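Visitor: Make a model of this:
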Amino acid sequence: MNPPVSIVIPTWNGLGLLERFLPSVISAAQTYAEEGATSAEVVVVDDGSEDGTALWLEAQGFKTSRGPSDGPVALRVVRSEINRGFGETCNRGFESASHGLVFLLNNDVEVSRDAIRPLVENFRDPSVFAAHCRVFEFESGRECGTGKMGGFSRGFIRVHQSFAPVRAAAPGSPPLYSMFAGGGSALFDRGKFLDIGGFEKLLSPFYWEDVELSYRAWKRGFVVLYEPRSVARHRVSSTIRGLKRAKVRRVEQRNRLIFHWINLHDRRLLSAHILRVLLLALISPLVRPGFFLSFVDAVRSMPEIRKRRRAERAAARLTDREVFEWFARMRDRPDVFIYDRVEELREFTGKRKSEEIRNG
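Guide: Numbering: from 1, shown residues only. Predicted coordinates for the structure are as follows:
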């Protein structure tokens, strides 16, 4: 029997997205139940929506309390009266979930019918914290989410270099370790998620929550994996498309700084980071004025950051350098292709297909 899974979907004024994408999620849950799962549920966490989301979900059979299911998959809604932001809404969903594995999905994600079981298989290893999907852009069909590398350079933890497997994994192949599991399409161990505190509230309302959470998990001695057999299609940033880009960028840069100030504990690396940030703060009024505003916003949270930093230093089981060593070893593996830009991946994929055709 496959272990039970809860699917948690945070949403805010996303009725149109739920109408389009939720059916694929329910279909995937039903497929997983048919494959022998003991139980499955879909939990939509409504973060104070004002667009009729609650009434629509009720009409689709979503209930506000646990109880007997009308089908193989239980449908529930958890509602907040006020908007709390992505991280806190996800945390509430994990707290409300009934099962030990939680598939966290954005409301603008379509998943393949067979997406859940390959993710679940990774959790046979008790050290696994999360496993994330292979993601394609919804409109263009281009691949936009693969494994994530990690490292440190120029004063910052670098997390946006990616990798893709060269070929389908053979039995006994080593796992595909990933720096972070994107919060839009990843399966988590609920117990570990709650034990380490869930998504960081200081990063509200959005951005960097999944990176910070995953890095915290790595330093606790857990691992994050990439599962290319599980496929999702994402309409990228649908929820925040209506916000001003300058505001979004300001929050993003602020949260990037908070992430470092909480979790970067190596003295030499921290010194390099501080020097880099001070330099950027000095020159930003001339070349990047938005960074200075983000820096000021982050400094305002310093009392809370210090508390969180002390707690994470006490809880860490691995050093920053030991985490980065996992990905230094990934760079030596012949079974992965590492790339900086998605165009490089498309070029590599095209060459590989041409070789396969030539070789018959």
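Visitor: Show the residue spans covered by the strands in the protein.
Guide: Along the chain, the segments classed as strands by DSSP state E run 5-11, 40-47, 74-80, 101-105, 109-111, 128-137, 143-145, 147-148, 151-153, 156-158, 162-165, 185-189, 223-234, 336-339.
Visitor: Turn those into a markdown table, including distance to residue 208, mean pLDDT and mean neighbour count.
Guide: Heads up, the C-betas are built off the backbone N, CA and C, glycines and all. Shown next, in a markdown table, are these (distance: least, Cβ to Cβ, whole Å; pLDDT from 0 to 100; neighbours: other Cβ atoms under 10 Å):
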| stretch | distance to residue 208 | mean pLDDT | mean neighbour count |
| --- | --- | --- | --- |
| strand 5-11 | 16 | 97 | 27 |
| strand 40-47 | 18 | 96 | 25 |
| strand 74-80 | 22 | 94 | 20 |
| strand 101-105 | 16 | 98 | 27 |
| strand 109-111 | 19 | 97 | 25 |
| strand 128-137 | 16 | 97 | 24 |
| strand 143-145 | 16 | 91 | 19 |
| strand 147-148 | 13 | 98 | 24 |
| strand 151-153 | 16 | 97 | 14 |
| strand 156-158 | 11 | 98 | 18 |
| strand 162-165 | 17 | 96 | 21 |
| strand 185-189 | 15 | 98 | 27 |
| strand 223-234 | 15 | 97 | 22 |
| strand 336-339 | 22 | 96 | 19 |
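Visitor: how about those strands, which one is nearest residue 279?
Guide: Among the strands of the chain, strand 156-158 comes nearest to residue 279, with 12.0 Å by Cβ to Cβ.
Visitor: Contacts for stretch 166-176 next, please.
Guide: Residues outside stretch 166-176 that contact it (Cβ atoms under 8 Å, 6 or more residues apart in numbering) are 122, 125, 147, 163, 165, 223, 225-228, 333-337, 352.
Visitor: any idea how far the nearest residue to residue 70 once chain neighbours are set aside is from residue 74?
Guide: Leaving aside its chain neighbours, residue 70 sits nearest to residue 61 (6.2 Å; criterion: Cβ to Cβ, 6 or more residues apart in numbering). From residue 61 over to residue 74 the distance is 10 Å, taken as Cβ to Cβ, to the nearest Å.
Visitor: Spit out the residues that contact these two alike.
Guide: Between them, residue 61 and residue 74 share no contacting residue under Cβ under 8 Å, 6+ apart.
Visitor: what's near enough to touch residue 193?
Guide: Applying Cβ under 8 Å, 6+ apart to residue 193 gives the contacts 94, 102, 129, 213.
Visitor: Would you check how far apart the last one and residue 312 are?
Guide: Spelled out, it's residue 213. With Cβ to Cβ as the criterion, residue 213 and residue 312 are 12 Å apart.
Visitor: Run a quick neighbour tally on the residue nearest to residue 70.
Guide: Residues lying near residue 61 (other Cβ atoms under 10 Å) number 14.
Visitor: quick one, phi/psi of it?
Guide: For residue 61, the backbone dihedrals (degrees, to the nearest 10) come out as phi 100, psi 10.
Visitor: The one 4 residues further on too?
Guide: Note on residue 65: its backbone torsions stand at phi -140, psi 160 [degrees, to the nearest 10].
Visitor: Please name the nearest non-neighbouring residue to it.
Guide: Per Cβ to Cβ, 6+ apart, closest to residue 65 is residue 76, 7.5 Å.
Visitor: my guess is that neighbour meets residue 69, correct?
Guide: No: Residue 76 lies out of contact with residue 69 (Cβ atoms under 8 Å); the separation is 9.4 Å.
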